[in-house]
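Enquirer: this one's structure only:
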């Protein structure tokens, strides 16, 4: 295993852990009737409209980094013939 693939494996592992933690920290959007109308209004009434959006953005970027590292590791493994 090359140095670059080892680095990508570590980045993939860390991004997977971060992704799991971020998903677990998010509030559910389907809490009763307010979830069917729209989850954004209920988040505003809770007094923290910015936290949910920040968690959503961090989750998105963590998922993107996980997907990119997974694709790169797959590509490296097929090129190496492992």
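Expert: Structure received. Computed from a predicted model, the values in this text were never measured in an experiment. Numbers count the residues shown, from 1 in each chain.
Enquirer: I'd like to know which helix or strand in this structure has the lowest mean pLDDT.
Expert: Lowest by mean pLDDT, DSSP states H and E among the helices and strands of the chain is helix 39-45, with a mean of 52.
Enquirer: So which residues of the protein form strands?
Expert: Using DSSP state E, the chain contains no strands.
Enquirer: Looking at it, which helix is longest?
Expert: helix 49-80 (DSSP state H).
Enquirer: helices or strands next to that helix in the packing?
Expert: Here helix 49-80 touches helix 3-25, helix 39-45, going by 3 or more Cβ pairs under 8 Å, 6 or more residues apart in numbering; DSSP states H and E. C-beta coordinates here come from the backbone N, C-alpha and C atoms, glycine included.
Enquirer: Could you list the low-pLDDT ranges of the chain?
Expert: Regions of the chain meeting the criterion pLDDT under 70 cover residues 1, 29-49, 81-82.
Enquirer: what comes up buried for the longest helix of the chain?
Expert: Within helix 49-80, the residues that count as buried by 16 or more other Cβ atoms under 10 Å are 52, 58-59, 62-63, 65-66, 69, 73, 76.
Enquirer: for that helix, the distance to its chain's centre please.
Expert: Computed by Cα atoms, centre = their mean, to the nearest Å, the chain-centroid distance of helix 49-80 equals 6 Å.
Enquirer: returning to that earlier point: including mean neighbour count, could the helices and strands packed on helix 49-80 go into a markdown table?
Expert: Shown next, in a markdown table, are these (neighbours: other Cβ atoms under 10 Å):
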| stretch | mean neighbour count |
| --- | --- |
| helix 3-25 | 14 |
| helix 39-45 | 13 |
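Enquirer: quick one: which of those is nearest residue 80?
Expert: helix 3-25 (8.0 Å; Cβ to Cβ).
Enquirer: which helices and strands does the closest one pack with?
Expert: Identification of packing neighbours for helix 3-25 by 3+ Cβ pairs under 8 Å, 6+ apart yields helix 49-80.
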